[in-house]
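Student: Structure for the following, please:
(one chain, ligands or ions: 1)
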Amino acid sequence: MAIRIALVGMGKIARDQHLPAIAADPDFELVATVSPHHAGVDGIPHLPDLETLLTEGPALDAVALCTPPQVRHALAMTAIGHGVHLFLEKPPGATLGEVVALETAADAAGVTLFASWHSRFAAGVAPARDWLARREIRSVRITWREDVRVWHPGQAWIWEAGGFGVFDPGINALSIATAILPRRLLLTEALLEFPANREAPIAAILGLRDTAGTPVAMDLDWRQTGPQSWDIEVDTDAGRLTLSEGGAVLALPDGSTRQPDGEYPAMYAHFASLVRDRASDVDVDPLRLVADAFLRGRRKIVEAFDA
Ligand code: NAP
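Tutor: Numbering: from 1, shown residues only. Sure thing, here's the model as predicted:
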């Protein structure tokens, strides 16, 4: 029987990716949507808030939370309280403590918790991890530079405390790096640039090392116009591996491959298998590195940002 799922937070990612992925997956049936202001979908019950959905809406097995991170924990705890399986958009919470508490609560309630990292499902990521497992890694360079005006127009939450600023995309890079590199990463230094009128950074330079001392440099910037960069370059004893376009394109010393985008269909297939197996998938490593950058980083106030 299909998993009856509701989508909560009908903003950009719910519409761009979750709706089509659910519609194409016979393991799921969309039974409701929730959003305080955005409209729902023709023919599907639409509720203004999660509590109303869970008390008055159609019967369901799971919810996918596509809200900003600041409200995710309270919504997730409400869903767990009703015994509902949970698919969380990234990042899984606004703090590490929230995610740990959720994991404990989901476990106690016997529900699946999938703290998703969509970039880990990009086509080049698994082959990159397999190729690197057999190499000696010498250095890593991550460049994640995009135009915030293009990708996050009108998103006030992203600039507020707990909205992550440039780490909203930057955590995607960290989710890939922590998946493809064989050893744990430690943050050694950071410089965070905050616009004078914002609570979240617009740019950051991070210095990391893996546990063997291999240097990992990361450059995040939201002021990039023209060509955008979502690249990870890894220098090894066998030459350079480059993952570009957010993990979609993998270039190895003997050639380059590009696969069609399938991140969200693959995530829903994974979620279905977790629900069937009564298992959870929660990895806070990317979030921990962002938290460490906020803990350890020097701060610089830069020019005010106006959208
Ligand atoms: P968005 O367009 O601002 O949408 C967020 C939605 O959450 C809004 O529609 C808002 O609903 C809803 N919401 C806020 N508080 C709520 C609450 N208490 N209950 C129910 N719904 C609530 O943001 P987004 O770009 O889709 O991003 C959402 C999350 O997905 C973020 O964590 C982001 O990092 C992640 N993500 C985004 C992208 C992307 O390309 N945009 C890609 C991957 C992951 P109303 O408007 O109805 O108030």
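Student: Around the ligand, which positions in the stretch 51-200 of the chain sit nearby?
Tutor: By CB under 6 Å from any ligand atom, the residues of the stretch 51-200 of the chain that approach the ligand are 66, 67, 68, 69, 71, 75, 89, 90, 118, 155, 168. Placement of C-beta: from N, CA and C, glycine included.
Student: Need the pLDDT of the residue of the chain found nearest the ligand.
Tutor: For the chain and the ligand, the shortest gap (CB to the nearest ligand atom) falls at residue 11, measuring 1.8 Å. pLDDT recorded at residue 11 is 96.
Student: ok, it - contacts?
Tutor: Residue 11 makes contact with 35, 38, 66, 67 under the criterion CB atoms under 8 Å, 6 or more residues apart in numbering.
Student: Setting aside sequence neighbours, what's the nearest residue to residue 175?
Tutor: Nearest in space to residue 175, with sequence neighbours left out and distances taken as CB to CB, 6 or more residues apart in numbering, is residue 117 at 3.7 Å.
Student: now swap in residue 107 and tell me
Tutor: Residue 107 sits nearest to residue 280 (CB to CB, 6+ apart), 7.1 Å away.
Student: and the lengthiest strand in the chain, what other elements does it pack with?
Tutor: As assigned by DSSP state E, the longest strand anywhere in the chain is strand 185-195. Packing partners of strand 185-195 (3 or more CB pairs under 8 Å, 6 or more residues apart in numbering; DSSP states H and E): helix 167-180, strand 203-210, helix 285-296, strand 298-302.
Student: pLDDT added to the contacts of residue 11, as TSV?
Tutor: Converted to TSV, the contacts of residue 11 look like this (pLDDT from 0 to 100):
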residue	pLDDT
35	97
38	90
66	98
67	98
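Student: Could you point out which of these is nearest to residue 271?
Tutor: Ranked by distance to residue 271 (CB to CB), the contacts of residue 11 are led by residue 66 at 13.3 Å.
Student: Give me the number of neighbouring residues for the closest one.
Tutor: Applying other CB atoms under 10 Å, we find 24 residues neighbouring residue 66.
Student: these two touch, right, it and residue 9?
Tutor: Yes. Counting by CB atoms under 8 Å, residue 66 does reach residue 9; the two are 3.9 Å apart.
Student: Give me the contacts around stretch 123-133.
Tutor: 119, 176, 179-182, 234, 236, 241, 243, 247-250, 252, 257-262.
Student: Mutual contacts of residue 66 and residue 9, please.
Tutor: In contact with both residue 66 and residue 9: residue 89, using CB under 8 Å, 6+ apart.
Student: looking only at pLDDT, what's the mean for the longest strand of the chain?
Tutor: 98.
Student: which of the contacts of stretch 123-133 count as buried?
Tutor: Neighbour-count burial (16 or more other CB atoms under 10 Å) applied to those gives 119, 176, 179-181, 234, 236, 241, 243, 247-250, 252, 261.
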